[in-house]
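Asks: predicted model and sequence follow; I will ask about them next.
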Amino acid sequence: MTATVELVLPAGATLAEGPHWDPRAQRLYWVDIPAHRVYVFDPQTGAQQSFDVGQYVGAVVPRATGGLLLAVQHGFAILDPASGHSQPIAEIAAEADEADLRFNDGKCDPAGRFWAGSYSMAGRQRAGSLYCLDANGDVRRAIADVTVSNGLAWSRDHTTMYYIDTPTQAVAAFDYDVATGAIANRRVVISIPAGCGWPDGMTIDAEGMLWVAHWGGSCVTRMGPGARDGTGDDHAADCARHLVLLRRPRPRSAVYHDRPPGTQRCGVGGAADGGEHLPRAAGRRRAAG
């Protein structure tokens, strides 16, 4: 595979994360976590908007009903780009009670549920969780005992969810029920070799191959999950043949986009996951965790 890497946006961010390409608006959304900022970038004009949400923000996705949905320090919030006003809609009690926890990466599933996970900024092991915000506004904990919650992706046939808890050095797969959002049967489908950096953000392409950003590895790898995922093929991970080397040592994530229209390219955030689905969740809640 031949890849050409070009710098699209010299953002000067402290910790760029969570790139999400919106094909409807032809905009790239991303966040700078410690700067408390959400960005909206127009690649056609080069213009970019910036919004200060006043707290850590780990992920952003556009809402089907308008505005943006955020994973903020201890829960979820809505941002109105027209006014710049953000409003919390769900606080996770189990997260808010621990000052060192914050939400990290997040993405929407094929049904529009918003999944986002947390981790301990103090480095506590297994202190975080992966949560799911349902369309009715309810929040449930899907996975407990997480250390650094990161990449998410879903197979093309909507039967498998892929997930990265970074220190495991692996991509896990779950059986996934698109109707209910239930997950089961956790197993490892990709193991990241020692010396290749830490698996961070992740996206999936039209062939069902996973693109994984390697924090500290200066690369993004395109790897097969080693199991049928709706493409009809079985893939084996092959880091050597599907490797995109980067100048930045700490890529955070990757996201597919169609800019210019009719093309398909993979965008990579440096010290920056996107998703293709739109959330339908609303309504303010406080979850017990």
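Replies: Sure thing, it's come through.
Asks: now the helices: where do they sit in the stretch 101-250 of the chain?
Replies: If you assign secondary structure with DSSP state H, counting those that start in this stretch, the stretch 101-250 of the chain ends up with no helices.
Asks: what's near enough to touch the nearest residue to residue 167 once chain neighbours are set aside?
Replies: In this structure, residue 167 finds its nearest non-sequential neighbour in residue 147, 4.8 Å apart by Cβ to Cβ, 6 or more residues apart in numbering. Any C-beta I mention is one placed from the backbone N, CA and C, and that applies to glycine too. Shown in contact with residue 147 (Cβ atoms under 8 Å, 6 or more residues apart in numbering): 119-120, 125-128, 165-168.
Asks: can we see that at 7 Å?
Replies: Under the criterion of Cβ atoms under 7 Å, 6 or more residues apart in numbering, the neighbours of residue 147 are 119, 125-126, 128, 165, 167.
Asks: got it, and residue 55?
Replies: The neighbourhood of residue 55, defined by Cβ under 7 Å, 6+ apart, consists of 36, 72-73.
Asks: among the residues you listed, name the ones in strands.
Replies: Restricting the contacts of residue 55 to those inside strands, with DSSP state E as the criterion, leaves residue 72.
Asks: what about the contacts of residue 55, which one has the most neighbours?
Replies: Each of the contacts of residue 55 was scored by neighbours using other Cβ atoms under 10 Å; the highest score is residue 72's, at 27 neighbours.
Asks: surely that one and residue 60 touch.
Replies: No: taking contact to mean Cβ atoms under 7 Å, the distance of 9.9 Å between residue 72 and residue 60 leaves them out of contact.
Asks: how close does the residue nearest to residue 167 get to residue 175?
Replies: For residue 147, the distance to residue 175 equals 23 Å [Cβ to Cβ, to the nearest Å].
Asks: what of residue 68?
Replies: 30 Å.
Asks: over to residue 32?
Replies: Between residue 32 and residue 175 the distance, using Cβ to Cβ, works out to 35 Å.
Asks: which one's more surrounded, these two?
Replies: Applying other Cβ under 10 Å to residue 32 and residue 175 shows that residue 32 carries more neighbours, namely 22 against 13.
Asks: which one is the more buried one nearest to, not counting chain neighbours?
Replies: Per Cβ to Cβ, 6+ apart, closest to residue 32 is residue 13, 4.3 Å.
Asks: swap in residue 165?
Replies: By the measure of Cβ to Cβ, 6+ apart, the closest residue to residue 165 outside its immediate chain neighbours is residue 146, 5.1 Å from it.
Asks: strands along the stretch 101-250 of the chain, start to end?
Replies: Taking DSSP state E, counting those that start in this stretch, the strands of the stretch 101-250 of the chain run over residues 101-108, 114-120, 128-133, 139-146, 149-154, 160-165, 170-176, 183-191, 198-204, 210-215, 219-223, 243-245.
Asks: and residue 95, that's in a strand?
Replies: No: inclusion of residue 95 in a strand is not indicated when DSSP: H, G, I helix; E, B strand; the rest coil is applied; the result is helix.
Asks: that one contacts residue 71, correct?
Replies: No: in this structure, residue 95 sits apart from residue 71 without contact. The criterion is Cβ under 7 Å, and the distance is 10.5 Å.
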